[in-house]
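Asker: Predicted model and sequence follow; I will ask about them next.
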Amino acid sequence: MRKSNLAQKIFIIFFFFSFVSICAQDLQKKINQSQKNVQKLKEEIKNYEIRIASESQKEKNELDRLNDANQKIGLLQQLLGELEQSRSLTELNITILRDQLKKTQGELNVLKNLTGQRLVQTYKHRAEDPLAYVFTSDSWTQAYARVKYAKIIANQDKTDLQTLRRKKTKIERQKKLIEAELLQQKYLIADKKNEKTILDVELNRRKASLSKIRKDKRLLNTMLEEKRDDLVTLNSLIAELERKKKEQEELELERQRKLKAESAEKNIAYKEPKYVEKSTFGLYKGKLPYPVAGKIVKKFGDQINPILGTKTRNPGIEIQAAQNATVRAVAKGRIAHIAWLRRMGNTLLIDHGGGYYTVYAHLSEIYVSPEQNVSAGDMIAGLDENEEGKYVLHFEIYKDQDVQDPSIWLR
């Protein structure tokens, strides 16, 4: 029974340290990926600025200038979101490293105490001759035992000193890692502050352009046309995502057919696995939470523009919220795509399986990455201003590329 308990304890300890190691590796992968995303976005902004500079000689109307400002704002907001992700991951890594350092320092203190006690004993008996201790034994057996015991103590002292040196080296290494991470965190905070300053300049440019455009019906009408184009682009994106998914499923089925054929040739009977896409999204009709705390200000369906009198079809709903509102995933799924659209700004698509997608537009900072899995209620982004200077989330639901009325799905 005791052996069984000991084995269980050893297994639990081994499992715990394996789990911690896996978590640390997973965290480092996320940090590396986030750093790559930051560099990619910075390169996109740099390329965009080069392109804009080369086009500066061309005559541009106010709408062109607005689109330029919007595109840079979208990229900057994505960059700020990624910098925040990177900062949060770095902060978590610092916490883990400090815990490891504390643990190592505790182990070092225990070893120091044990080594100190041994040194005190050695000092007290320094006048005693070790050979006399052996030769005064009552028997050969006792003498042998004393020699063996003296060797064990000497070897243990040697091992303890080596371990002490290793622990001290480990502590120095851990301290350097923490210093490097703290420096990285400081850099990320400064970088985010700098990018925020640039963003504020672009936001002021956008406000100035919008103020002029509102007075020009021709430009207002062009904006509506561009919004229609954005909605067509969204539909095409979802169609392309579904096409790729079906293509992958067909490739997987073909691979399974080949495996089955090869197995049959070898007279090996393998049970064919069933690949069924499961989705619980359809069960939540009328029960989905709002993606942001707010109220619906524009319903699904046909809308009449109050200034131009033109009719447009809204494939989703508009939810007005507070300036610092947080946008959250309404159900579990996978981040299928993040895009910037001229009139809808930063736009995010979540694939919920079973042909269901949700769309979130007019976003500011985005806190998730493509292919990332999310759960219901996970924070995915902040809200950006729309053309009217309000913080409004554009929200859509698709089923098999057919747009749904989100208000029927929300509770």
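Answerer: On my side now, so go ahead.
Asker: Can you pull out the low-pLDDT segments for the stretch 201-350 of the chain?
Answerer: 220, 224, 263-279, 305-310 (pLDDT under 70).
Asker: contacting residues around the residue nearest in space to the middle of the chain?
Answerer: Centre of the chain computed as the mean C-alpha position; nearest residue by C-alpha atoms, centre = their mean is residue 368, 5.3 Å away. Contact analysis of residue 368 by C-beta atoms under 8 Å, 6 or more residues apart in numbering lists 335, 338, 348, 374, 378, 380-381. For glycine as for every other residue, the C-beta is placed from the backbone atoms N, C-alpha and C.
Asker: just the helices in this protein please.
Answerer: Remark: helices assigned in the chain by DSSP state H are 2-54, 62-124, 130-135, 140-213, 217-265, 406-409.
Asker: where among those is the average confidence lowest?
Answerer: Per-stretch mean pLDDT for the helices of the chain is lowest at helix 130-135 (a mean of 58).
Asker: closest to residue 291 out of the helices of the chain?
Answerer: For residue 291, the closest of these is helix 406-409, at 8.9 Å, according to C-beta to C-beta.
Asker: Buried residues in that closest one, which are they?
Answerer: Neighbour counts over helix 406-409 (16 or more other C-beta atoms under 10 Å) mark 406-407, 409 as buried.
Asker: burial count for residue 313?
Answerer: Neighbour count of residue 313, defined by other C-beta atoms under 10 Å: 11.
Asker: Please list all residues in contact with it.
Answerer: Counting by C-beta under 8 Å, 6+ apart, residue 313 has contacts 301-303.
Asker: Can you tell me which of those residues lies closest to residue 359?
Answerer: residue 301 (16.2 Å).
Asker: quick one: residue 288 and residue 330 touch, right?
Answerer: Yes - using C-beta atoms under 8 Å, residue 288 is in contact with residue 330, at 4.8 Å.
Asker: So for these two, which sits in the more crowded spot?
Answerer: residue 330 (26 against 18).
Asker: isn't that one right next to residue 376, touching?
Answerer: Yes - judged on C-beta under 8 Å, residue 330 makes contact with residue 376 at a distance of 6.6 Å.
Asker: what do those two both touch?
Answerer: Joint contacts of residue 330 and residue 376 (C-beta under 8 Å, 6+ apart) are residue 289.
Asker: between the contacts of residue 368, which is closest to residue 100?
Answerer: Distances from residue 100 to the contacts of residue 368, taken by C-beta to C-beta, are shortest for residue 378, at 28.1 Å.
Asker: Spatially nearest residue to the closest one (excluding sequence neighbours)?
Answerer: Closest residue to residue 378 apart from its sequence neighbours, by C-beta to C-beta, 6 or more residues apart in numbering: residue 329 at 4.9 Å.
Asker: What distance do you get for the one you found to residue 145?
Answerer: 70 Å (C-beta to C-beta, to the nearest Å).
Asker: Take the contacts of residue 368 and lay them out in a markdown table including neighbour count.
Answerer: Below are the contacts of residue 368 laid out as a markdown table (neighbours: other C-beta atoms under 10 Å):
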| residue | neighbour count |
| --- | --- |
| 335 | 19 |
| 338 | 19 |
| 348 | 21 |
| 374 | 19 |
| 378 | 15 |
| 380 | 23 |
| 381 | 29 |
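Asker: What is the most widely separated pair among those?
Answerer: 338 and 378 (14.8 Å).
Asker: what's the burial count for residue 347?
Answerer: Around residue 347 there are 24 residues (other C-beta under 10 Å).
Asker: can you pull the contacts of it?
Answerer: 234, 338-341, 359-361, 363.
Asker: for the residues you listed, which one is nearest residue 89?
Answerer: Of the contacts of residue 347, the one sitting nearest to residue 89 (C-beta to C-beta) turns out to be residue 338, at 18.3 Å.
Asker: Tell me what the residue nearest to the closest one when sequence neighbours are not counted is bridged to.
Answerer: Spatial nearest neighbour of residue 338, excluding adjacent residues (C-beta to C-beta, 6+ apart): residue 348 at 5.4 Å. Note on residue 348: beta-bridge partners by DSSP bridges are residue 338, residue 360.
Asker: I'd guessed residue 348 sits against residue 365; true?
Answerer: No - with contacts counted by C-beta under 8 Å, residue 348 stays clear of residue 365, the gap being 11.4 Å.
Asker: Report the set of residues contacting both of these two.
Answerer: Joint contacts of residue 348 and residue 365 (C-beta under 8 Å, 6+ apart) are residue 381.
Asker: Okay, residue 373 and residue 182: tell me how far apart.
Answerer: Distance from residue 373 to residue 182, by C-beta to C-beta: 30 Å.
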